[in-house]
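In: Got a sequence here, can you model it:
(one chain, ligands or ions: 1)
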Amino acid sequence: MSDVLELVDVSVVRGGRPLVDHVSWAAEEGERWAVLGPNGAGKTTLLQVASSYLHPSTGTVQILGEKLGSVDVFELRPRIGIAGASMLDRIPRRQTVVETVLTAAYGMTATWRESYDRSDEDRARLLLDRLGIAHLADRTFGTLSEGERKRTLISRALMTDPELLLLDEPAAGVDLGGREDLMRRLGRLAKDPAAPSMVMVTHHVEEIPAGFTHCLMINNGKLVASGPLEETLTSRNLSKCFGLPLTVERQGERWTARGLPLG
Ligand SMILES: Nc1ncnc2c1ncn2[C@@H]1O[C@H](COP(=O)(O)OP(=O)(O)OP(=O)(O)O)[C@@H](O)[C@H]1O
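Out: Residues are numbered from 1 along each chain as shown. Got it, this is the predicted structure:
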């Protein structure tokens, strides 16, 4: 197995404050990682580093075997699919859903031509179908609900057949039925050996799809724990990560957590 991500002693400092504080993390091919932590913990910052959009202040980063700082990021980025809120501002509201997915194949966020290869369009529609929103393909992006936008961005991130898929809170703002449907679809992807390595940021253990193998917990920029889910996602680590007493349970292939009642 080869390393998909290798961060060694990485810090990101802004205004004299470490947003990510001496974090080391290695993720290997085929692994599916959940990144957990409270608001402001540094999860998105870590994901920005993992996507090559942010260089650390100190430490070294290797992504898909390429060292950040030595590699041409414009060659590396097409190998990484990213779905997160930071993309939302870059998608024109009047662009159709299928165009929004399709433009990823051309390294763009907005349409700039009249026609696309038929095979690309077929693939974009297939991906929308896999995410359960084929019926929205010809709607404009600006008319979608939050959950529908998230699914569009995941379809878009998969369009280039990336080796690494980074998802930032894919289920945030999604209703219970929508979340469970999304969990099924992400679970199917996670279990597919041909699917890319995956890293998903979330606040909730309930949002870890079946098939995920590892987790990393971060609080205040610092690594709390990382490793295989079974060993790492414990009540003790989760309580430390979120700063209050929590119990976590595995239920089949999924997880639940709740706070302990006040004494
Ligand atoms: N450019 C910046 N300059 C200063 N502080 C920043 C900058 N970007 C982010 N931060 C701060 O860094 C901390 C970590 O932010 P980050 O977005 O990585 O957290 P997060 O774990 O993803 O949070 P959330 O769960 O709320 O999305 C936050 O306190 C945020 O306010």
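In: And the residue of the stretch 151-263 of the chain found nearest the ligand, how far from Leu153?
Out: Proximity of the stretch 151-263 of the chain to the ligand (C-beta to the nearest ligand atom) peaks at His203, 6.0 Å away. Every C-beta, even on glycine, is put in place using the N, C-alpha and C of the backbone. Noted for His203: a distance of 18 Å to Leu153, by C-beta to C-beta, to the nearest Å.
In: Tell me which of these two has more neighbours.
Out: Neighbours of His203 and Leu153, each counted by other C-beta atoms under 10 Å, are more numerous for Leu153; the result is 26 against 16.
In: which element is that one on?
Out: Leu153 is part of helix 146-158 when elements are defined by DSSP states H and E.
In: Mind giving me the packing neighbours of the helix or strand that that helix is followed by?
Out: Remark: after helix 146-158, the chain's next helix or strand is strand 164-168, criterion DSSP H and E. Using 3 or more C-beta pairs under 8 Å, 6 or more residues apart in numbering; DSSP states H and E, the elements in contact with strand 164-168 are helix 43-50, strand 80-83, helix 146-158, strand 197-202.
In: circling back: list the buried residues in the helix holding Leu153.
Out: Residues of helix 146-158 classed as buried: Gly147, Glu148, Arg149, Lys150, Arg151, Thr152, Leu153, Ile154, Ser155, Arg156, Ala157, Leu158 (neighbour count, 16 or more other C-beta atoms under 10 Å).
In: contact partners of the strand or helix carrying Glu180?
Out: Element membership for Glu180 (DSSP H and E) is helix 176-191. Residues from elsewhere that reach helix 176-191 (C-beta atoms under 8 Å, 6 or more residues apart in numbering): 32, 130-132, 147, 150-151, 154, 167, 170-171, 174, 195, 198, 200, 206-207, 209-212, 253-254.
In: at 7 Å instead, please
Out: The contact list for helix 176-191, computed with C-beta atoms under 7 Å, 6 or more residues apart in numbering, reads 32, 130-132, 147, 170-171, 174, 195, 198, 207, 209-212.
In: what does stretch 61-71 give?
Out: Applying C-beta under 7 Å, 6+ apart, the external contacts of stretch 61-71 come out as 2-7, 10, 49-50, 52, 55, 60, 76, 79, 163-164.
In: Looking at those, which one is closest to the ligand?
Out: Among the contacts of stretch 61-71, and counting by C-beta to the nearest ligand atom, the member closest to the ligand is Val49, at 9.8 Å.
In: okay, now the closest one: neighbour count?
Out: Counted with other C-beta under 10 Å, Val49 comes out at 26.
In: cool, and Ala210?
Out: Close neighbours of Ala210, defined as other C-beta under 10 Å, add up to 16.
In: Surely it and Trp255 touch.
Out: No. If you go by C-beta atoms under 7 Å, Ala210 and Trp255 don't touch, sitting 9.9 Å apart.
In: ok so, going back, now do the same for the residue of the stretch 151-263 of the chain closest to the ligand: its pLDDT.
Out: Here the pLDDT value assigned to His203 is 94.
In: Next: Pro228.
Out: Pro228 is given a pLDDT of 97.
In: and the nearest residue to Arg151 once chain neighbours are set aside, what does it touch?
Out: The shortest distance from Arg151 to any non-neighbouring residue, by C-beta to C-beta, 6 or more residues apart in numbering, is to Leu131 (4.2 Å). Shown in contact with Leu131 (C-beta under 7 Å, 6+ apart): Arg151, Ile154, Ser155, Arg185.
In: Could you do Arg94 as well?
Out: By C-beta under 7 Å, 6+ apart, the contact set of Arg94 is Thr140, Gly142.
In: and if you look at the one 4 residues further on?
Out: Remark: with contacts taken as C-beta under 7 Å, 6+ apart, Val98 is in contact with Glu121, Ala124, Arg125, Leu128, Ala137, Asp138.
In: ok, how many other residues are close to the closest residue to Pro196 other than its chain neighbours?
Out: Nearest residue to Pro196 in three dimensions, chain neighbours excluded: Leu165, at 4.4 Å (C-beta to C-beta, 6+ apart). Neighbourhood size, Leu165 [other C-beta under 10 Å]: 22.
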